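Q: For reference, the sequence and a predicted model appear below.
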Amino acid sequence: MRAVLSTTFRSLQIRNYRLFATGQLVKLLGTWMMFTAQDWLVLDLSGNSPGALGMVTALQFTPVLLLTLYSGKLADRYDKRKMLVIANAVFAVTAIVFAILVASGVVVLWHVFLFAALLGIASAVETPVRQAFVSELVEHRLLPNALALSAATFNTARIAGPALAGVALAIFGTGPVFVIATLLCIAPTFSYTAMRISELFSADRPAKNADTSIKDGLRYVRKRQDLVLPIVLMSVIGMIGFNFPVTLAALAKIDFHAGPSTFGLLTTALAVGSLCGALAGSGRRARPGPYLVVWAAIGFGLFEIAVGFAPSFVVAMILLVPTGFCSIYLAQAANHRVQMGVDSAYRGRVMSLYVLVFLGTTPIGATLAGWWGEHFGVPSSIWVAGAICAVAGVGALIWQLRSSGDRLRLRVRPHPSLSLVPVPTAAGVVLEPEPVRSAA
């Protein structure tokens, strides 16, 4: 057990990473409490409208669509830690003002829309910089574990946050929940300032006259097919499949007639599976292959289809556990494949592109999910999204097989099995592009 724990949590031996993970955990607890209370608030203010939920989610992620690539450019040029201090401070101040409006009882629906957009702007700057900053907290061999623990931190908060928010909503009401949540969002500002700069694994920044343009970063990705596949696949799944903030709240309240304390159980069930998926990848030491990403995408799509056809609240809650597992295992594998295959000089811009396609497409997907839920029912918006994700996974599988020359072999006897037959090189071995490592 000691060996397993030391392997799973080995990045926490590094002080700067411990500060990073602690600050993120506290902030994300507050963020998930706030988002859960916000979903409930929107439903109350809009008369149970899935379209209003979709609009809030769209406004929250539209800044990601507009600003993320520019943020990645800044991350490759300037000090990431200082950028994160500023972005988190802006996020915390904005959230506190929003909480005051809610607690005072004067909040109306357009206030929620406005602050969703403002909080989205802060997140659009912070997210790609934070993704790229992890590589400066640990050495390269620990990067998969550090990324996996970051995902585990996110999903630990996603388990506890909605559950705490559901209980607090039932006991205290919406206003106090927002106040508590926003106070927690201040934590990363202190954790980043407490880090020891001398212990950072600083990436080599380009020279002042070097080309750090967005176009240069896009050209770099276009030449790398091993980066193109996970980025394109996650653009489809991020836009269509990862709309649970819209669909789960509406499913709980409209279809299953759940109260605020019960509603959080759906999000918690999804997060439990996600945490297991994150921990499952924490022992990864090498760059994951393309087929791992593809099979995880297909599995996620199939489980999401099952959730859409769930006949009851309990069945939906049970099915959300493996759905959450596949979702984070997929997202983590795709993230690892991109992060561990990119030159450090391009890391900020490449990760900003990944965040753009993964989160920046959410406004489109959330709006579509809300519209579809209002016209055709919330369950159908879930299973249709799952079907599209499964088809995207199959398409990515065909693309990879054709580009690599690999084959799938189906055997019926003596036992049914499906196996991959890689194409050999002249030397009889299969080659995988090696990640480009920085001198740092």
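A: Yep, it's here.

Q: Find the residue ranges of the stretch 201-350 of the chain scoring beneath the pLDDT cut-off.
A: The stretch 201-350 of the chain contains residues with pLDDT under 70 at 202-212, 245, 259-264, 282-284.

Q: quick one, helices of it?
A: 214-222, 225-240, 244-250, 260-280, 290-308, 313-339, 347-355 (DSSP state H, counting those that start in this stretch).

Q: nearest to Thr193, of the ones you listed?
A: When those are compared by C-beta to C-beta, helix 347-355 sits nearest Thr193, at 21.0 Å. In this view, the C-beta of every residue, glycine as well, is placed from N, C-alpha and C.

Q: What helices and strands are in contact with that closest one?
A: Where contact means 3 or more C-beta pairs under 8 Å, 6 or more residues apart in numbering; DSSP states H and E, helix 347-355 is packed against helix 50-77, helix 109-137, helix 214-222, helix 225-240, helix 313-339.

Q: rewinding a little: possible to save the helices of the stretch 201-350 of the chain as CSV with mean neighbour count?
A: Below are the helices of the stretch 201-350 of the chain laid out as CSV (neighbours: other C-beta atoms under 10 Å):
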stretch, mean neighbour count
helix 214-222, 15
helix 225-240, 21
helix 244-250, 26
helix 260-280, 23
helix 290-308, 23
helix 313-339, 23
helix 347-355, 28
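
Q: so which of the ones you listed comes closest to Phe178?
A: Going by C-beta to C-beta, the one of the helices of the stretch 201-350 of the chain nearest Phe178 is helix 260-280, 13.6 Å.

Q: That closest one: how far from the chain's middle?
A: 14 Å (C-alpha atoms, centre = their mean, to the nearest Å).

Q: Remind me what it packs against, helices and strands.
A: Taking 3+ C-beta pairs under 8 Å, 6+ apart as the contact cut, helix 260-280 packs with helix 15-46, helix 143-171, helix 244-250, helix 313-339.

Q: Apply 6 Å and report the result again.
A: helix 143-171, helix 313-339 (3 or more C-beta pairs under 6 Å, 6 or more residues apart in numbering; DSSP states H and E).

Q: Direction-wise, compare the first one with helix 15-46 and give the angle.
A: Right, the one you point to is helix 143-171. Put simply, helix 143-171 runs at 40 degrees to helix 15-46, going by axes from the mean of the first three to the mean of the last three C-alpha atoms, to 10 degrees.

Q: helix or strand right after helix 143-171?
A: helix 174-184 (DSSP states H and E).

Q: relative to helix 143-171, how tilted is that following helix?
A: 150 degrees.

Q: buried sites along helix 174-184?
A: By neighbour count on 16 or more other C-beta atoms under 10 Å, the buried set for helix 174-184 is Thr174, Gly175, Pro176, Val177, Phe178, Val179, Ile180, Ala181, Thr182, Leu184.

Q: can you pull the pLDDT of the fourth one?
A: Here the pLDDT value assigned to Val177 is 84.

Q: any idea how far Ala89 is from it?
A: 22 Å (C-beta to C-beta, to the nearest Å).

Q: And the third one, by the same measure?
A: In this structure, Pro176 and Ala89 are 23 Å apart, going by C-beta to C-beta.

Q: One more: the first one?
A: Note on Thr174: its distance to Ala89, by C-beta to C-beta, is 25 Å.

Q: tell me which of the buried residues of helix 174-184 is nearest to Leu266?
A: Looking across the buried residues of helix 174-184 and measuring by C-beta to C-beta, the closest to Leu266 is Val177, at 17.7 Å.

Q: can you pull the contacts of the closest one?
A: Ala37, Ala165, Ala168, Leu169 (C-beta atoms under 6 Å, 6 or more residues apart in numbering).

Q: from what I can see the first one touches Gly175, true?
A: No. Under the criterion of C-beta atoms under 6 Å, Ala37 is not in contact with Gly175, lying 9.0 Å apart.

Q: Report the distance from the helix or strand Ser403 falls within to the chain centre.
A: According to DSSP H and E, Ser403 maps onto helix 378-404. Offset of helix 378-404 from its chain centre (C-alpha atoms, centre = their mean): 18 Å.

Q: Check stretch 367-376 too.
A: The chain centre lies 22 Å from the centre of stretch 367-376; the measure is C-alpha atoms, centre = their mean.

Q: can you list contacts of it?
A: If you take C-beta under 6 Å, 6+ apart as the criterion, stretch 367-376 is touched by Pro50, Gly51, Leu53, Gly54, Ala58, Asn243, Val246, Thr247, Ala250, Ser381.

Q: Counting neighbours, what do you get for the fifth one?
A: In terms of burial, Ala58 registers 24 neighbours under the definition other C-beta atoms under 10 Å.

Q: Against Ala117, how distant is Ser104?
A: Counting by C-beta to C-beta - Ser104 and Ala117 are separated by 21 Å.

Q: And for Lys223?
A: In this view, Lys223 and Ala117 are 35 Å apart by C-beta to C-beta.

Q: got it, and Ile186?
A: 21 Å.

Q: And Leu319, by the same measure?
A: Leu319 is 33 Å from Ala117, by C-beta to C-beta.

Q: Run a quick neighbour tally on the closest residue to Gly241 other than its chain neighbours.
A: Residue nearest to Gly241 in three dimensions, not counting chain neighbours: Cys389, with 4.1 Å by C-beta to C-beta, 6 or more residues apart in numbering. Neighbour count for Cys389, taken as other C-beta under 10 Å: 30.

Q: After the helix holding Ser403, which helix or strand is next? Please name it.
A: Past helix 378-404, the next helix or strand by DSSP H and E is strand 407-411.

Q: could you give me the average pLDDT of stretch 113-122?
A: The model assigns stretch 113-122 a mean pLDDT of 89.

Q: so how far is Arg18 from Lys80?
A: For Lys80, the distance to Arg18 - C-beta to C-beta - is 18 Å.

Q: For Ser104 and Ala117, indicate the residue with more neighbours.
A: Ala117 (16 against 9).

Q: where does the stretch 51-200 of the chain have low pLDDT?
A: Those would be 155, 158-159, if you go by pLDDT under 70 across the stretch 51-200 of the chain.

Q: Buried residues in stretch 11-19, which are they?
A: Going by 16+ other C-beta under 10 Å, stretch 11-19 has these buried residues: Ser11, Leu12, Ile14, Asn16, Tyr17, Arg18, Leu19.

Q: Quick check: end-to-end length of it?
A: End-to-end distance for stretch 11-19: 11 Å, by C-alpha to C-alpha, to the nearest Å.

Q: Begin at 50 from now on, thanks
A: I'll keep to 50 as the first residue from here, and by that count the last item is stretch 60-68.
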